[in-house]
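**Student:** I need the structure of the sequence given here:
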Amino acid sequence: MSLAGRLCWGVILFCLALRANAEDPMATFNDAKAYAQDTVDGTGGIVGAEQAATLPHYTTTSPVPGLVPGSVGLGGAGAGKIQGCQGQNDTECAAVNFLSKNPDSRLRFNLDPATDPSLQAGKQVQANPTAVVGAAQEGSESVCSNRTVTDPATYTTEVCNEYRTTTTQTCERVLTVACDPLTDGCDAGGIVANSWAGDMAVNWAPSGSGDYNLTFGTIADNYWGGWGATFDRTLTFEIRDKSLITRFALTRAAFDDWLWVKVNDQTVYVGPRGGDRLFVIGQGSPVGGNAFCYQNDWSAQWSCYQYIGWSETPTLVGTYQYCAMIGWDGSTWYCNNDGPPGYVKYGPAANDYGSPELSTSWNFGLNIDIKPYLKEGLNTVWMRTIVAGGGEGAVVFTTRQTCPRNCRDVWSNECAAFEARAQ
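**Tutor:** As a prediction, this is how the structure comes out:
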């Protein structure tokens with residue numbers, strides 16, 4: 001019988017012995033121990049160094065010492081154990097004594113790897129397990145086989161929940177008014193259209209580049225007559241939102257012989273010699289009877305005296321800028337502080353007067369800002385012309401106004417994001 005066969009029968013007998021006493025563990029242990037002791041002498045020399053050299057992967061150099069850092073090998077521990085187990089026959093030493101028997105005292109078998117059927121069969125199985133006869137058959141002793149295992153599908157049901165959270169948010173929808181850019185140069189935007197009215201000709205017309213002219217009077221020649229004749233004229237117009245007027249200027253004065261212009265009772269022009277007033281000087285007030293007047297050489301003023309009652313000493317009754325004796329008897333003096341009667345007074349100084357006839361038709365280009373004198377509501381332009389022989393008077397105001405703006409409502413919706421989330 002071969003070595004493999006002996007081992008196989010030994011294992012079978014051992015297993016049968018274990019099974020026979022499986023119900024009594026202690027009996028099983030004692031049976032196994034007795035069997036091992038009986039077979040030590042019979043199997044101790046089965047394998048020797050010569051037979052071991054024929055086994056696959058056999059080596060005389062053990063890799064075990066190198067696996068443990070600092071190890072010097074297991075030889076010393078093994079030799080000590082062998083020495084200690086001599087003459088002992090307990091279970092552990094029985095195993096040690098069994099393994100340590102001199103190989104020369106064991107049975108020897110010559111196994112040829114090239115011809116031994118068991119080794120050849122093992123190599124075939126190792127190289128191609130499925131090629132072994134019966135390897136793929138049910139109940140055969142095949143080492144490996146290809147099988148298809150089909151497991152039924154498994155199904156699971158998973159449940160999840162999604163919750164919508166609510167929070168309190170505040171937002172605003174803001175309304176703003178958006179208007180086109182502010183521009184000027186239009187015929188409406190402060191002065192109420194067609195609100196002008198006057199006792200002379202009134203004309204409203206564009207003058208170019210967005211300006212408009214408001215003309216009061218007629219620029220012509222000698223449509224009034226008289227000597228020191230005074231002609232007062234009035235123009236009215238309405239303003240709604242004075243801030244919309246970007247320009248309102250007196251740009252032309254055409255007259256013969258004298259002209260005075262006021263806006264809302266404020267003097268804006270006196271021509272042609274300037275000043276702050278304009279009127280024809282009257283003869284003044286009479287000094288009274290039994291009076292006389294004379295002009296001082298050093299001051300050019302007039303001093304008037306009067307005999308009062310039966311007094312023979314005259315009394316000073318006043319000093320004047322101008323005096324003249326008027327009347328058939330040559331005893332009535334008329335005095336004033338303006339100038340010779342019939343002349344035109346135009347300023348506060350003593351000599352600010354002149355002849356009513358200047359023999360000229362004036363036409364001045366001006367640029368006098370009238371905006372400071374304007375007001376909301378009704379505005380009044382007053383004009384006085386004094387002529388001698390023949391004359392005329394007219395003024396031109398150049399205006400520029402802000403254009404009406406197109407405006408629209410613009411909503412700024414700060415709630416759009418929240419509204420979208422609420423959909």
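**Student:** can you list the weak-confidence ranges in the chain?
**Tutor:** By pLDDT under 70, the low-scoring segments of the chain are 1-25, 28-29, 32-33, 35-49, 51-53, 55-75, 102-107, 129-145, 188-189, 327-331.
**Student:** Okay, domains of it per the record?
**Tutor:** According to automatic domain parsing, the chain comprises the domains 3-54+80-131, 181-280+354-423, 283-337.
**Student:** name the helices or strands packed onto the strand or helix carrying Trp411?
**Tutor:** Assigned by DSSP states H and E, Trp411 belongs to strand 407-413. Packed against strand 407-413 by the contact rule (3 or more C-beta pairs under 8 Å, 6 or more residues apart in numbering; DSSP states H and E) you find strand 173-179. Just so you know, the C-beta spots here come from the backbone N, C-alpha and C atoms, and that holds for glycine as well.
**Student:** I'd like to know which elements the strand it packs on is packed against.
**Tutor:** Contact here means 3+ C-beta pairs under 8 Å, 6+ apart; on that basis strand 173-179 packs against strand 407-413.
**Student:** what angle separates the strand it packs on from strand 173-179?
**Tutor:** 150 degrees (axes from the mean of the first three to the mean of the last three C-alpha atoms, to 10 degrees).
**Student:** strand partners of strand 407-413, parallel vs antiparallel please.
**Tutor:** For strand 407-413, the pairing partners within the sheet under DSSP bridges are strand 173-179 (antiparallel).
**Student:** Can you identify the element that follows the partner strand toward the C-terminus?
**Tutor:** Following strand 173-179 in sequence, per DSSP H and E, is strand 184-186.
**Student:** Give me the buried positions along that next one.
**Tutor:** Using 16 or more other C-beta atoms under 10 Å as the burial criterion, the residues of strand 184-186 that qualify are Asp184, Gly185.
**Student:** quick one: contacts of that strand?
**Tutor:** Residues outside strand 184-186 that contact it (C-beta atoms under 8 Å, 6 or more residues apart in numbering): Ser209, Gly210, Asp211, Thr246, Arg400, Gln401, Thr402, Cys403, Pro404.
**Student:** in this protein, which spans are helices?
**Tutor:** Using DSSP state H, the helices found in the chain span residues 3-20, 25-43, 49-52, 64-67, 75-84, 91-100, 117-127, 416-421.
**Student:** In contact with Thr399, which residues?
**Tutor:** With contact taken as C-beta under 8 Å, 6+ apart, Thr399 is in contact with Ile191, Asp211, Tyr212, Asn213, Leu214, Ile245, Arg247, Phe248, Ala249.
**Student:** Okay, and the beta partners of the last one?
**Tutor:** To tie it back to what came earlier, the one meant is Ala249. The partner residues for Ala249, given DSSP bridges, come to Asp369, Thr398.
**Student:** State the number of residues packed around it.
**Tutor:** For Ala249, the count of nearby residues is 18 (other C-beta atoms under 10 Å).
**Student:** cool, the fifth one as well?
**Tutor:** Residues contacting Leu214 under the criterion other C-beta under 10 Å number 19.
**Student:** partners of it in the sheet?
**Tutor:** Leu214 has these beta-bridge partners by DSSP bridges: Trp204, Phe397.
**Student:** Help me confirm that it comes into contact with Ala394.
**Tutor:** No. The pair Leu214 / Ala394 is not scored as a contact, 11.5 Å apart, by C-beta atoms under 8 Å.
**Student:** From the chain's centroid, how far away is the strand holding Trp411?
**Tutor:** Its chain's average C-alpha position is 18 Å from that of strand 407-413, according to C-alpha atoms, centre = their mean, to the nearest Å.
**Student:** for stretch 278-296, same thing?
**Tutor:** With C-alpha atoms, centre = their mean, you get 82 Å for stretch 278-296.
**Student:** For Ala178, which residues are in contact?
**Tutor:** Neighbouring residues of Ala178 by C-beta under 8 Å, 6+ apart: Cys407, Arg408, Asp409, Val410.
**Student:** Excluding chain neighbours, what is closest to the last one?
**Tutor:** Read that as Val410. In space, and not counting its chain neighbours, Val410 is closest to Ala178: 4.6 Å by C-beta to C-beta, 6 or more residues apart in numbering.
**Student:** Now Tyr346. Nearest residue, chain neighbours left out?
**Tutor:** In space, Tyr346 is closest to Gly275, 3.7 Å off (C-beta to C-beta, 6+ apart).
**Student:** State the number of residues packed around the one you found.
**Tutor:** Counted with other C-beta under 10 Å, residues neighbouring Gly275 total 20.
**Student:** quick one, phi psi at it?
**Tutor:** The phi/psi pair for Gly275 (degrees, to the nearest 10) reads phi 110, psi -170.
**Student:** Now do the contacts for it.
**Tutor:** Contacts of Gly275 were listed using C-beta under 8 Å, 6+ apart, and they are Tyr346, Gly347, Pro348, Asp352.
**Student:** and if you look at Tyr223?
**Tutor:** Applying C-beta under 8 Å, 6+ apart, the residues near Tyr223 are Glu392.
**Student:** distance of it from Val149?
**Tutor:** Tyr223 is 130 Å from Val149, where distance means C-beta to C-beta, to the nearest Å.
**Student:** hmm, back to that, tell me which of the domains of the chain sits most buried.
**Tutor:** Of all those, domain 181-280+354-423 has the most neighbours on average by mean count of other C-beta atoms under 10 Å, namely a mean of 16.
**Student:** List the residues that contact Leu378.
**Tutor:** Contacts here follow C-beta under 8 Å, 6+ apart; on that basis Leu378 touches Thr236, Phe237, Glu238.
**Student:** Pick the one among the residues you listed closest to Glu312.
**Tutor:** Glu312 lies nearest to Thr236 out of the contacts of Leu378, by C-beta to C-beta, at 61.6 Å.
**Student:** and that closest one, what are its bridge partners?
**Tutor:** The partner residues for Thr236, given DSSP bridges, come to Ala197, Thr380.
**Student:** How about Asp409?
**Tutor:** Under the criterion DSSP bridges, Asp409 forms beta bridges with Val177.
**Student:** any idea how far it lies from Cys179?
**Tutor:** Applying C-beta to C-beta, the value for Asp409 to Cys179 is 11 Å.
**Student:** repeat for Ser243
**Tutor:** Ser243 sits 15 Å away from Cys179, going by C-beta to C-beta.
**Student:** Please apply the same query to Tyr307.
**Tutor:** Here the distance between Tyr307 and Cys179 works out to 81 Å (C-beta to C-beta).
**Student:** How about Val159?
**Tutor:** With the distance defined as C-beta to C-beta, Val159 ends up 60 Å from Cys179.
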